[in-house]
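Asks: Let's see this in three dimensions:
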Amino acid sequence: MSAAPTPLNPAQMEAVHYLGGPCLVLAGAGSGKTRVITHKIARLLEAGYAPRHIAAITFTNKAAQEMRERAKQLVGPRAAKDLAISTFHSLGVRMLRSEGQRLGLKPQFSILDSDDVLSLLRDAGGTSDVALARRWQWAISLWKNQGLNSAQAQRAAQNDDERVAARVMQRYEERLAAYQAVDFDDLITLPARLLQRDAETCATWRDTLRYVLVDEYQDTNAIQYEMLKGLVGERGMFTAVGDDDQSIYGWRGATIENLRRLPQEYAALKVIPLEQNYRSTGHILRAANQVIANNPKLFEKKLWSAFGDGDPVQVVECDSEEHEAERAVARIRALRAQGGEVRLADFAILYRANHQAKVFEQALRKANLPYKVSGGQSFFDRAEIKDLCAWLRLLVNQDDDPAFLRAVTTPKRGIGHQTLASLGEFAAKWKTSLYEALFAESLHGALSARAIGSLHEFGRYVNDLEYRARRTTGSDAAQALLLGWLKDIGYEQHLHDGEDSEKLAAARWSNVLDFVEWIARRCGGRDDNDGTSAVGENDGGAALRSETRSVLDVAQTISVIISLAERGDEQDVITLSTLHAAKGLEWAHVTLAGVNEGLLPFVSGGSEDDGMTPQRLEEERRLMYVGITRARRTLAVSTLRRRKRGRELVPGMPSRFIAEMKLHEAGPKVDPREKLKALREAAARRAEAASSSSNQEPLAAESRR
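Replies: From the prediction side, this is the model:
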């Protein structure tokens with residue numbers, strides 16, 4: 001029998017009930033931020049806001065799904081159904097499907113995945129060098145996340161490499177427009193641009209989403225901030241929930257400046273810190289507080305817990321990486337031997353860089369202990385799934401050249417590279433898509449009759465499949481259509497022909513059948529909680545809330561689903577994870593590995609201090625803080641006396657962060673009972689002062705409009 005729900009603490013209560021204007025909730029690690037967001041949704045409904053006027057935005061599909069389920073439990077499935085709970089990117093898709101024509105996009109525009117973008121950039125830059133194209137891709141993504149177009153990027157470029165990337169960006173943008181396609185960054189950039197420049201669009205969406213809640217606010221980048229500002233306007237009816245001490249994604253464009261800008265741009269901003277931690281013991285929290293105290297503070301906050309001191313944090317000195325892995329395994333075995341219900345899933349080994357995982361994998365395999373490496377291959381990254389997604393994308397947008405090229409060659413059908421190269425030259429000359437070019441009358445001057453016959457056969461099949469996909473609804477009919485298509489193109493045989501192992505080919509075909517069933521369920525309107533849906537029923541899109549959908553309707557969401565797909569893993573195994581991937585997660589027992597200068601803080605150069613700017617050091621310190629606060633009951637911090645740097649074995653120096661934890665100092669202790677008493681008294685005084693001058697409820701009348 002489940003326990004009764006824990007009441008909100010005074011700070012949580014204040015955050016939930018404040019509806020008077022812009023609000024920043026400083027949610028420390030393990031302080032119950034998701035609970036605050038879902039209870040605030042319930043409070044908004046009580047105050048008269050209609051569910052369709054409330055948006056809750058987060059960063060990952062997994063977080064959105066968890067928030068959706070919690071909201072459903074709190075307010076009921078009927079109210080939860082119409083809440084716009086989604087990722088930033090899913091909301092961007094919704095806005096572009098509705099308003100994209102204002103930017104020259106047709107409703108069935110394509111969303112390119114990372115491989116498609118890479119292919120387009122290689123074409124735009126005239127190179128076959130994949131590594132160079134990836135550097136362009138990274139630079140362009142950062143520019144877009146700063147809200148820059150190609151012309152602005154050219155002005156901002158600081159060296160020759162960046163100037164070349166900016167010129168490639170211009171040609172890349174031209175190709176995106178010609179192909180009626182957007183990339184993943186455009187799902188934020190383009191809606192933000194619409195909100196800034198189109199008054200009608202801005203008014204429409206502010207009326208649609210009258211209160212906005214943003215989770216993990218510290219992870220927003222510059223363009224996401226502009227998108228939020230465009231949605232909430234000067235009135236600022238929003239609650240941002242975040243923690244400046246957990247801002248660790250600067251390398252991908254997130255900026256802590258967004259937290260600094262809030263009080264500057266919203267003078268009436270209410271700041272409410274959540275300091276009571278419901279995860280970790282006192283020793284762990286004191287170590288975390290001591291470390292993060294060395295960073296300059298935007299807002300004051302210090303975590304505390306009612307769980308008591310618990311076990312002291314251990315520092316484990318190891319001779320080498322192999323010795324470190326052996327000691328980590330020994331620690332897991334020792335804690336399990338103490339008895340009680342200790343599962344393997346209660347253990348995590350966290351590290352700064354991916355390359356550190358290998359030695360731990362070897363040690364765990366040697367000990368016959370099962371494990372998973374966080375960030376393993378997604379279901380949607382499998383080659384067979386990408387093949388089928390290319391076909392589906394082509395049905396949605398026949399101007400999608402990358403999808404055309406993958407579909408026309410998978411499986412092979414006698415259309416060779418020379419034929420496709422000639423078709424590409426013809427399409428470029430006449431400024432048309434590859435698919436449109438294959439039906440051009442003048443193509444006979446560029447290709448042989450035999451090649452044209454093969455292309456026409458493929459084109460007619462795509463047209464017929466698109467016609468049937470548009471008219472096929474319901475799970476059974478969708479499954480029959482999809483299985484018939486796979487039989488027509490001989491895809492199962494293609495898998496067997498391409499694999500030496502029958503077992504591996506059968507496993508890939510099993511993935512294909514799972515994918516077919518996955519699509520069919522959505523066509524039938526059946527609920528799906530397997531964690532793979534990126535744009536779920538509650539992202540606010542009317543098409544996605546219908547009882548049944550056509551195969552083509554579902555195909556329209558495929559690209560964003562691929563980009564956001566996150567599959568849950570409930571196995572009882574030990575977790576190996578980078579610190580970045582561990583954010584938002586928790587384990588009873590954590591080992592922080594390789595806590596050495598050069599590893600944490602991480603330095604890529606030869607010297608331990610190369611490139612270590614104050615800003616970088618602060619972010620690395622926040623990463624250490626995140627690692628410490630993943631632990632609930634025990635924490636071990638391991639450091640190396642000698643470590644590998646490239647092919648060399650060099651002396652290891654313990655990280656400065658170990659000294660900053662001040663583990664041998666008693667430090668001031670907080671009596672949790674006195675802390676709770678003081679908080680309740682302060683909350684009572686605030687409630688008494690507010691009762692006579694409350695101006696919150698008039699908002700309800702406006703929100704019912």
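Asks: What lies in contact with stretch 302-313?
Replies: With CB atoms under 8 Å, 6 or more residues apart in numbering as the test, stretch 302-313 has contacts from 28-31, 275-285, 287-289, 628-629, 633-637, 661, 663, 669-670, 672, 675-676. In this view, the C-beta of every residue, glycine as well, is placed from N, C-alpha and C.
Asks: Tell me the backbone dihedrals of residue 293, please.
Replies: phi -60, psi -20 (degrees, to the nearest 10).
Asks: circling back: inside strands: which ones of the contacts of stretch 302-313?
Replies: Counting by DSSP state E, the contacts of stretch 302-313 place 276-277, 633-637 in strands.
Asks: quick one: which of those residues has the most company?
Replies: Ranked by the number of neighbours (other CB atoms under 10 Å), the ones in strands among the contacts of stretch 302-313 place residue 635 first, at 28 neighbours.
Asks: List the beta-bridge partners for it.
Replies: Note on residue 635: beta-bridge partners residue 590, judged by DSSP bridges.
Asks: circling back to that earlier point, possible to save the ones in strands among the contacts of stretch 302-313 as JSON lines with pLDDT and distance to residue 156?
Replies: Output for those, formatted as JSON lines (pLDDT from 0 to 100; distance: CB to CB, whole Å):
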{"residue": "276", "pLDDT": "93", "distance to residue 156": "43"}
{"residue": "277", "pLDDT": "93", "distance to residue 156": "41"}
{"residue": "633", "pLDDT": "95", "distance to residue 156": "48"}
{"residue": "634", "pLDDT": "96", "distance to residue 156": "47"}
{"residue": "635", "pLDDT": "97", "distance to residue 156": "42"}
{"residue": "636", "pLDDT": "96", "distance to residue 156": "45"}
{"residue": "637", "pLDDT": "96", "distance to residue 156": "40"}
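Asks: quick one: low-confidence parts of the stretch 351-500 of the chain?
Replies: Low-confidence segments of the stretch 351-500 of the chain, defined by pLDDT under 70, are located at 375-381.
Asks: Show me where it has its strands.
Replies: With DSSP state E, counting those that start in this stretch as the criterion, the stretch 351-500 of the chain has strands at 371-373.
Asks: ok so, going back, out of the ones in strands among the contacts of stretch 302-313, which one sits closest to residue 373?
Replies: Using CB to CB, residue 636 comes nearest to residue 373 of the ones in strands among the contacts of stretch 302-313, at 19.6 Å.
Asks: In terms of pLDDT, where does residue 606 sit?
Replies: On pLDDT, residue 606 comes in at 46.
Asks: now the one 5 residues further on
Replies: We note a pLDDT of 59 for residue 611 in this prediction.
Asks: ok so, going back, just the ones in strands among the contacts of stretch 302-313 now: which is nearest residue 473?
Replies: Using CB to CB, the shortest approach to residue 473 within those belongs to residue 277, at 49.0 Å.
Asks: wait, is residue 52 part of a helix?
Replies: Yes. Counting by DSSP: H, G, I helix; E, B strand; the rest coil, residue 52 is part of a helix.
Asks: what secondary structure does the closest residue to residue 498 other than its chain neighbours sit in?
Replies: In space, and not counting its chain neighbours, residue 498 is closest to residue 505: 7.5 Å by CB to CB, 6 or more residues apart in numbering. The local conformation at residue 505, judged by three-state DSSP, is helix.
Asks: And residue 577, by the same measure?
Replies: Look at residue 577: counting by three-state DSSP, its state is strand.
Asks: How about the contacts made by the closest residue to it other than its chain neighbours?
Replies: Spatial nearest neighbour of residue 577, excluding adjacent residues (CB to CB, 6+ apart): residue 374 at 3.6 Å. Contacts for residue 374 (CB under 8 Å, 6+ apart) come out as 575-578, 581-582.
Asks: ChimeraX command to pick out the buried ones of the residues you listed?
Replies: Buried residues within these, by 16 or more other CB atoms under 10 Å, are selected in ChimeraX with:
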select :575,576,577,578,582
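Asks: thinking again about what came up before, of all the ones in strands among the contacts of stretch 302-313, which comes closest to residue 182?
Replies: For those, the residue nearest residue 182 by CB to CB is residue 277; the value is 40.7 Å.
Asks: Surely the closest one and residue 27 touch.
Replies: No. If you go by CB atoms under 8 Å, residue 277 and residue 27 don't touch, sitting 10.4 Å apart.
Asks: element containing residue 339?
Replies: Counting by DSSP states H and E, residue 339 is held by no secondary-structure element, helix or strand.
Asks: I'd like the average pLDDT over stretch 161-181.
Replies: Mean per-residue pLDDT for stretch 161-181: 91.
Asks: my bad, stretch 502-514
Replies: 87.
Asks: Only the buried residues of it, if you could.
Replies: Using 16+ other CB under 10 Å as the test for burial, stretch 502-514 gives 505, 508-509, 511-512.
Asks: Closest one of those to residue 256?
Replies: Checking these against residue 256 with CB to CB, the nearest one is residue 511 at 40.5 Å.
Asks: measure that closest one to residue 383 for me?
Replies: Distance, residue 511 to residue 383, by CB to CB, to the nearest Å: 10 Å.
Asks: and residue 107, what does it touch?
Replies: Residues in contact with residue 107 (CB under 8 Å, 6+ apart) are 97, 100-101.
Asks: Then residue 115?
Replies: 386, 402.
Asks: can you rerun that using 7 Å?
Replies: Neighbouring residues of residue 115 by CB atoms under 7 Å, 6 or more residues apart in numbering: there are none.
Asks: Please tell me how far the helix or strand hosting it is from the chain's geometric centre.
Replies: Using DSSP H and E, residue 115 sits in helix 114-125. Centroid separation for helix 114-125 versus its chain: 22 Å, with CA atoms, centre = their mean, to the nearest Å.
Asks: buried stuff in that helix?
Replies: Using 16+ other CB under 10 Å as the test for burial, helix 114-125 gives 116-125.
Asks: Residue 55: which of these is nearest?
Replies: Closest approach to residue 55 among the buried residues of helix 114-125 (CB to CB): residue 117, at 27.9 Å.
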